[in-house]
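Trainee: below is the sequence, then the predicted model.
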Amino acid sequence: MSISCFAFALFLVLGYDVDSTSAWSSQPVSEGVEITYGTVLKLMHERTKFRLHSHDVPYGSGSGQQSVTGFPNVDDANSYWIVKPQPDTSAKQGDTIKSGTIIRLQHMRTRKWLHSHLHASPISGNLEVSCFGGATESDTGDYWRVFIEGSGKSWKQDQRIRLQHVDTGGYLHSHDKKYTRIAGGQQEVCGVREKRADNIWLAAEGVYLPVNETK
């Protein structure tokens with residue numbers, strides 16, 4: 001799907017204001033573009049270049065919730081995530097996100113939230129990462145704290161980040177351990193409690209909302 005068609009689909013699905021389209025940034029990768037609430041993006045695993053991905057396929061073990069994987073191809077709509085704040089906060093669409101902020105990531109296609117808990121992941125036995133809930137159903141298992149690697153204070157597209165799960169302390173993690181059956185060729189995504197090189201992610205393709213200048 002082209003980026004222009006994708007952006008138009010967002011207007012229909014998410015109800016964005018069509019009059020504001022000229023302010024959107026739609027380049028695949030741009031240095032210094034701020035990540036704001038409401039942005040729709042793909043997260044790329046730095047070492048393997050796979051994208052954080054989900055689809056309406058449950059795990060066959062553990063929680064049995066919707067599975068989350070790393071996907072090798074760039075052009076797949078099931079790898080888009082909507083950046084959302086915690087509920088009951090003053091944060092609004094277009095606000096920037098500082099290092100240390102708690103966010104939620106909503107899977108665009110299924111409307112479920114990136115989630116984790118103490119169930120074991122299918123391949124490595126680390127913390128399982130799943131998708132759970134829905135548009136009106138979310139809990140603290142959906143909370144992830146953004147940490148910027150380096151000197152940056154707010155999340156930008158070219159910055160390396162870690163996402164730490166609030167409830168378990170696990171960092172969003174992937175590696176080259178791949179599924180062989182239902183999700184053949186896709187790699188495991190899980191949580192680990194130690195900082196490792198495989199915890200690093202970058203914002204990649206997406207539709208980036210402009211910064212809200214209203215304070």
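Mentor: Sure, I can see it. Residues are numbered from 1 along each chain as shown.
Trainee: give the contact list for Val74.
Mentor: For Val74, the contact set (CB atoms under 8 Å, 6 or more residues apart in numbering) comprises Lys42, Arg51, Ala204, Glu205. Placement of C-beta: from N, CA and C, glycine included.
Trainee: number of residues surrounding the spatially closest residue to the second one that is not a sequence neighbour?
Mentor: If the residues on either side of it in the chain are set aside, Arg51 comes closest to Ser79, at 4.1 Å by CB to CB, 6 or more residues apart in numbering. Counted by other CB atoms under 10 Å, the residues lying close to Ser79 total 27.
Trainee: check Ile97 too.
Mentor: For Ile97, the neighbour count with other CB under 10 Å is 22.
Trainee: what's the spacing between it and Lys84?
Mentor: 11 Å (CB to CB, to the nearest Å).
Trainee: anything in contact with each of these two?
Mentor: Common neighbours of Ile97 and Lys84 (CB under 8 Å, 6+ apart) are Tyr37, Ile103.
Trainee: any idea how far the residue nearest to Arg51 is from Ser63?
Mentor: 21 Å.
Trainee: now do Ile103
Mentor: Separation of Ile103 from Ser63 (CB to CB): 22 Å.
Trainee: for the two, indicate the residue with more neighbours.
Mentor: Ile103 (20 against 17).
Trainee: so Ser174 bridges to which residues?
Mentor: Going by DSSP bridges, Ser174 is paired in beta bridges with Val189.
Trainee: pLDDT score for it?
Mentor: Ser174 carries a pLDDT value of 98.
Trainee: and for it, the neighbour number?
Mentor: Number of residues near Ser174 (other CB under 10 Å) recorded here: 26.
Trainee: cool, Trp201 as well?
Mentor: Burial of Trp201 is recorded as 25 neighbouring residues (other CB under 10 Å).
Trainee: what residues does it make contact with?
Mentor: By CB under 8 Å, 6+ apart, Trp201 lies in contact with Leu43, Met44, His45, Glu46, Leu52, Arg160, Ile161, Arg162, Leu163, Leu172.
Trainee: how near is the residue nearest to the third one when sequence neighbours are not counted to Glu188?
Mentor: With CB to CB, 6+ apart as the criterion, His45 has its nearest non-adjacent residue at 4.7 Å, and that residue is Ser174. Taking CB to CB as the criterion, Ser174 is separated from Glu188 by 7 Å.
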